[in-house]
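Student: This is a predicted model, with the sequence first.
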Amino acid sequence: MVGLEAPDDAAVWNLGDGRALVQTVDFFPPVVDDPATFGRIAAANALSDIYAMGGTPFMALAVAGFPDDVPLEILADILRGGAEAAASVGVIVAGGHTVTDSEPKYGLCVTGIVDPSRVLTKGALRPGDRLFLTKPIGTGVVTTAIKRDVAPKHVADAAIESMTLINSAPASVLATLPDVRACTDITGYGLAGHGSEMAAASGAMIVIEWSRVPVLPGAAELAAAGHVPGGTGRNRAYLTGRDANDTDVKQIAPRVTAAATLDEAALALAFDPQTSGGLLFGVPPPLVRRSAEAFASAGVMAHEIGEVREGFGLHFV
C-alpha cells in the first residue's frame, strides 16, 4: 500500500484480512552521554514512524554498531534502555544484529499493525485543514549545546524529556478521530522539511504561524548564540536553494520560504534537525474543535500552528 513511490514514514503491506503490516527502520549515533538514555531516545524515534502511519507497533529488532575498544557494558546499557522504552508501550524487542563500527550507533526495525482503511499518509492534506504539532522543536540545537557543554541543566533535561517521550499517546487520540488522514513525524529533516514533504505530497501549500510553534526552553537563545548543528545548514540549503548568508547554492524553486520578520534564530529552529520529534497532522475544519478537546481531555499536547491552502510549498509567517 505504501512503498518507495511515496515519501512516507514507513512501508505498509496489506495482509488482505482487514489488517496491514507497517514496518520501518531507524538508527543513529548518540545524541546524549548516558547510554541507557540514548537507547530510550533511539527507540522512541524509531517507534514514532509506526505511530505516524496510524499503526500500533508490536515487535522490533535492534540494529547496532559498536567500537571494539569500548566496554561492552555500555552497549548493554544502550540495548537495555531501548528495550525498556519499547516494552513501556507493549513492544517486544525480539532480536537484532550488531556490527563493529568506529562509533556507537543504535536503533530499531519496528513492525506494527494498522487498519488498511485508516492508514495516515503525508499526502492526504486538503486546503482548509488546520495543522497541529504535538512536541516542541529545538532538539538539534539543544543536543549540539550539550555536546559543547554549554547547555544549562534545565534546558538539557527538557530536551531529553521530550526526546524520550514516545508518541503513543497522541497516536491513540488520533485513532479516535477518523476524519484525520494526514500525518508525519518531525525528525532529521526538521519542521520545514517534513512539513514541505506533506505539502508536496498533498499538492498544496502549508502556512505555519511561527508565533504558534512550540519551542523547547532555551533553544531560541542557544540558536541565537550559534549552537546550531550542521544538519540545519544542509536542510536550509536543500529546501530554499540558499544558505544562511543568503548565497545561492542551487538554482531551484524554493520548497520553503519565510517572511522577513523571522530572525536567524527562528530560521535555525525552523530547519533544525529533530530527534524523536512530535507528530504533525492535519485536521479538517469541522473537526478542529473536537480534535482540540480530545487532546485536552487526554492530557496530550497538541498545538495548532498553521493551515493548508491552495498552492505550493511551505511558508512561515
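Tutor: Here it is on my side, so go on.
Student: Sketch out the helices for the stretch 201-317 of the chain, chain order is fine.
Tutor: Per DSSP state H, counting those that start in this stretch, the stretch 201-317 of the chain carries helices over the ranges 219-224, 230-240, 264-270, 288-298.
Student: Which elements pack onto the third one?
Tutor: This means helix 264-270. Using 3 or more CB pairs under 8 Å, 6 or more residues apart in numbering; DSSP states H and E, the elements in contact with helix 264-270 are helix 190-202, helix 219-224, strand 256-258. For the C-beta atoms, the positions are set from N, CA and C on the backbone; glycine is no exception.
Student: How about residues contacting it?
Tutor: Here helix 264-270 makes contact (CB atoms under 8 Å, 6 or more residues apart in numbering) with 137-138, 141, 190-192, 210, 213, 215, 219-221, 223-224, 228, 232, 236, 244, 256, 258, 262, 316.
Student: Can you tell me which of those residues are buried?
Tutor: Those of these that meet the buried threshold are 137-138, 141, 190-192, 210, 213, 215, 219-220, 223-224, 228, 232, 236, 256, 258, 316, by 16 or more other CB atoms under 10 Å.
Student: What are the buried residues along stretch 192-211?
Tutor: 192-202, 204-208, 210.
Student: of all the helices of the stretch 201-317 of the chain, which lies closest to L174?
Tutor: For the helices of the stretch 201-317 of the chain, the distance to L174 is smallest for helix 288-298, at 8.6 Å, taking CB to CB.
Student: now the closest one: mean pLDDT?
Tutor: Mean per-residue pLDDT for helix 288-298: 96.
Student: Can you pull out the low-pLDDT segments for the stretch 151-300 of the chain?
Tutor: For the stretch 151-300 of the chain, applying pLDDT under 70 flags the ranges 243-244, 246, 248-253.
Student: got JSON lines for the helices and strands packed on helix 264-270, with distance to V12 too?
Tutor: Compiled in JSON lines, these are given as follows (distance: least, CB to CB, whole Å):
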{"stretch": "helix 190-202", "distance to V12": "15"}
{"stretch": "helix 219-224", "distance to V12": "34"}
{"stretch": "strand 256-258", "distance to V12": "27"}
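Student: out of those, which comes closest to G81?
Tutor: helix 219-224 (23.9 Å).
Student: what helices or strands is the closest one leaning on?
Tutor: Applying 3+ CB pairs under 8 Å, 6+ apart, one finds that helix 219-224 makes contact with helix 139-147, helix 153-164, helix 264-270.
Student: how far is that helix from where the chain is centred?
Tutor: In terms of CA atoms, centre = their mean, to the nearest Å, the centre of helix 219-224 is set 20 Å apart from its chain centre.
Student: who touches that helix?
Tutor: Counting by CB under 8 Å, 6+ apart, residues outside helix 219-224 touching it are 136-138, 141-142, 144-145, 150-151, 155, 159, 263-266, 268-269, 272.
Student: do the same with stretch 29-41
Tutor: Contacts of stretch 29-41 (CB under 8 Å, 6+ apart): 74-75, 77-85, 103-106, 139, 143, 146, 160, 163-164, 275-276.
Student: Stretch 289-307 now?
Tutor: 128-135, 169-170, 172-173, 176-177, 180, 206-209, 212-214, 278, 283, 288.
Student: Among those, the buried ones, what's the PyMOL command?
Tutor: This is the PyMOL syntax for the buried subset of the contacts of stretch 289-307, where burial follows 16+ other CB under 10 Å:
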select buried, resi 129+130+131+132+133+134+135+169+170+173+177+180+206+207+208+213+214+278+283
